[in-house]
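In: I would like to see how this sequence folds:
(2 chains)
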Amino acid sequence: NAGVTQTPKFQVLKTGQSMTLQCAQDMNHEYMSWYRQDPGMGLRLIHYSVGAGITDQGEVPNGYNVSRSTTEDFPLRLLSAAPSQTSVYFCASSYRRGISEAFFGQGTRLTVV
Amino acid sequence: GQQVMQIPQYQHVQEGEDFTTYCNSSTTLSNIQWYKQRPGGHPVFLIQLVKSGEVKKQKRLTFQFGEAKKNSSLHITATQTTDVGTYFCAGGNDMRFGAGTRLTVKP
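Out: Predicted structure coming up:
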């Protein structure tokens, strides 16, 4: 079982560039989410989706877009990268939001220079 | 909005010593989950607590959920080097994470 697959694992961007972080899960989970992890700040929710075609903002959504066209995929788009977006990004999925085990991807370490 | 505070931020122990991390919420939580993240890894689910006053054990790990469902703790008895990592709590349906407690263990 692949679980949650994130690509790429590492990325360096220049300020102003755009890119998409990919996330796919093969567990038929309805709920998917994106977090960023910064030192001393834990995991902060960026965007989430409770099903295909439904997305909503989390705690820190500015500068990011998401879409959910299929149950399996939940890409995160950085529109115009800024140094403040340097972070480790995790995608997660679960059967139901907040009441069932969340499975995390391996993470993407993003550096914006 | 809901805040989940976790203390301590860091804990360094000698192998064999006990370790405890605490989570406190400003509001009543419907449930709380605990995750472990090894250095360089991703968070991995440990357990979920739902009932007021609930206590669950996993070998050397003991998890508690407070009577008011506003606080929780994770206690590790006789730490081992394999316990190294950061432990996170996540509270409520919107899974608001605490900042985590980073545990290091000296052999």
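
In: ok, the residue nearest to the spatial centre of chain A to residue B:99 distance?
Out: Nearest to the mean C-alpha position of chain A, counting by Cα atoms, centre = their mean, stands residue A:34 at 2.9 Å. Per Cβ to Cβ, to the nearest Å, residue A:34 is found 18 Å from residue B:99. In this view, the C-beta of every residue, glycine as well, is placed from N, C-alpha and C.

In: count of neighbours near the residue lying closest to residue A:112 once chain neighbours are set aside?
Out: Among residues not flanking residue A:112 along the chain, residue A:81 sits closest, at 4.5 Å (Cβ to Cβ, 6 or more residues apart in numbering or on different chains). By the measure other Cβ atoms under 10 Å in any protein chain shown, the count of residues near residue A:81 is 22.

In: And stretch A:51-69, end to end?
Out: Counting by Cα to Cα, to the nearest Å, you get 9 Å between the two ends of stretch A:51-69.

In: which parts of it are buried?
Out: A:52, A:55, A:58, A:60, A:61, A:64, A:66, A:67, A:68 (16 or more other Cβ atoms under 10 Å in any protein chain shown).

In: and what of stretch B:74-94?
Out: For stretch B:74-94, by 16+ other Cβ under 10 Å, it's B:74, B:76, B:79, B:83, B:85-92, B:94.

In: so what's the residue nearest to residue B:38 when sequence neighbours are not counted up against?
Out: Nearest residue to residue B:38 in three dimensions, chain neighbours excluded: residue B:85, at 4.5 Å (Cβ to Cβ, 6+ apart). With contact set as Cβ atoms under 8 Å, 6 or more residues apart in numbering or on different chains, residue B:85 has these partners: B:36, B:37, B:38, B:39, B:41, B:102, B:103.

In: sorry, back to before: wouldn't the residue nearest to residue A:112 be in contact with residue A:13 here?
Out: Yes - contact criterion Cβ atoms under 8 Å: residue A:81 and residue A:13 qualify, at 4.4 Å.
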